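Peer 1: Generate a structure from the sequence data that follows.
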Amino acid sequence: MERKVGEKVVVLLRGDITEMETDAIVNAANADLILGAGVAGAIRAKGGPEIQEECNRIGGTHVGGAVVTTGGRLKARYVIHAVGPRWGEGDEERKLREATLNSLRRATEKGLRSMAFPAVSTGIFGFPKDLCAKIMLGTVLSFLAEEETSLEKVVFCLWSQEDLEIFQKTLRRL
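Peer 2: Here you go, the predicted structure:
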């Protein structure tokens, strides 16, 4: 499924984000930038130890923040590590919006044309998937429509059919 935003496009697909050939992929990170399980573990396994080594040099970021490393052995040249909130920690919606916005800003600062997001914070962080879809898609659509950006294509690469259907339903409503 696709949605045009002027000359730009938002794409929803089901797949493995570590196989994306976009300029950058987004890692659903923790504040310490330790590549543990889930998306981060897959990025570590396929991208190689250099990504974790770069994260260690950066040292971490705040919830809602985003930092960039190279993509190591991934097809994507960069990994944008976005720190989403844990459900129940307070002010989660604003924090997820900020993590999404800061990821878009980091991609723009690098002059990137394409990037791929997972459903940030919906795994072990427990963020409700329907609310995640509403916040992340709404933030991306607004950013592409209103901000100066090098981005031409933003992909949501979703792991499960259920996640894809939630994002498709949400995008139809926005």
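Peer 1: Next, the buried residues of stretch 80-90.
Peer 2: For stretch 80-90, the neighbour count (16 or more other Cβ atoms under 10 Å) marks Ile80, His81, Ala82, Val83, Gly84, Pro85, Arg86 as buried. The way it works is simple: take the backbone N, C-alpha and C, and place the C-beta from them, glycine included.
Peer 1: With distance to Val67 and secondary structure added, can I get those residues in CSV?
Peer 2: Listed next are these as CSV, based on distance: Cβ to Cβ, whole Å; DSSP: H, G, I helix; E, B strand; the rest coil:
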residue, distance to Val67, secondary structure
Ile80, 7, strand
His81, 5, strand
Ala82, 9, strand
Val83, 9, strand
Gly84, 13, coil
Pro85, 16, coil
Arg86, 19, coil
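Peer 1: Between the residues you listed, which sits nearest Phe167?
Peer 2: Distances from Phe167 to these, taken as Cβ to Cβ, are shortest for Gly84 (15.5 Å).
Peer 1: Quick check: the gap between the closest residue to the closest one other than its chain neighbours and Ala28.
Peer 2: Once flanking residues are discounted, Gly84 sits nearest to Ser121: 3.3 Å by Cβ to Cβ, 6 or more residues apart in numbering. In this view, Ser121 and Ala28 are 6 Å apart by Cβ to Cβ, to the nearest Å.
Peer 1: With neighbour numbers in mind, choose between these two.
Peer 2: Ser121 (27 against 24; other Cβ atoms under 10 Å).
Peer 1: For that one, give me its contacts.
Peer 2: Residues in contact with Ser121 (Cβ atoms under 8 Å, 6 or more residues apart in numbering) are Ala28, Gly84, Pro85, Arg86, Trp87, Glu92, Leu96, Ala99, Phe127, Cys132.
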